[in-house]
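Just a sequence and a predicted model for now, questions to come.
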Amino acid sequence: MMQASFLLQVLKVLIVTMAYVALGASITWSSPAVSSIEKDNSTLVGTEIVLTAAEKDMTGYNMTLQ
C-alpha cells in the first residue's frame, strides 16, 4: 500500500513537471526564434527560412493558441 501511494505521488510530480516544461517551452519559444531567424536564417540542412513581417508577428500568436 505504501509503495502504491509513493508511486502515485512520484507520477503526479512528473506530470506537473512535464506540463510546466511544455508550457514554458511553447510560450517563450517565439521570441528567441524570431530574433535568431533574423540573424541566421539557415537550418541544420542548409535551407533558409524566410518570413515576412506579418509571419514574424504571427509566430508568437500561433504558439499561444495551441
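Looks like it came in fine. Residues are numbered from 1 along each chain as shown.

can you map out the helices along this structure?
2-28, 30-39, 53-65 (DSSP state H).

so where's the chain shaky on pLDDT?
For the chain, the stretches flagged by pLDDT under 70 are 1, 27-31, 43-44, 60-66.

Throw the helices of the chain into TSV and include distance to T47 and mean neighbour count, thanks.
In short, each C-beta sits where N, CA and C put it, glycine included. Shown next, in TSV, are these (distance: least, C-beta to C-beta, whole Å; neighbours: other C-beta atoms under 10 Å):
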stretch	distance to T47	mean neighbour count
helix 2-28	23	10
helix 30-39	12	12
helix 53-65	16	11
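
could I get the ones you listed as JSON lines with distance to V45?
Shown next, in JSON lines, are these (distance: least, C-beta to C-beta, whole Å):
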{"stretch": "helix 2-28", "distance to V45": "23"}
{"stretch": "helix 30-39", "distance to V45": "15"}
{"stretch": "helix 53-65", "distance to V45": "21"}
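
which stretch among the ones you listed comes nearest G46?
helix 30-39 (14.8 Å; C-beta to C-beta).

Keeping just the C-alphas, turn that closest one into PDB.
This file holds the C-alpha atoms of helix 30-39, laid out as PDB (Å, rounded to 0.1, in the frame of the first residue of the first chain):
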ATOM      1  CA  SER A  30       8.600  32.500 -30.400                       C
ATOM      2  CA  SER A  31      10.600  35.500 -29.100                       C
ATOM      3  CA  PRO A  32      14.100  33.900 -29.400                       C
ATOM      4  CA  ALA A  33      13.200  32.000 -32.600                       C
ATOM      5  CA  VAL A  34      12.200  35.200 -34.500                       C
ATOM      6  CA  SER A  35      15.300  37.100 -33.300                       C
ATOM      7  CA  SER A  36      17.500  34.100 -34.200                       C
ATOM      8  CA  ILE A  37      15.900  33.800 -37.700                       C
ATOM      9  CA  GLU A  38      16.700  37.500 -38.300                       C
ATOM     10  CA  LYS A  39      20.400  36.900 -37.600                       C
END
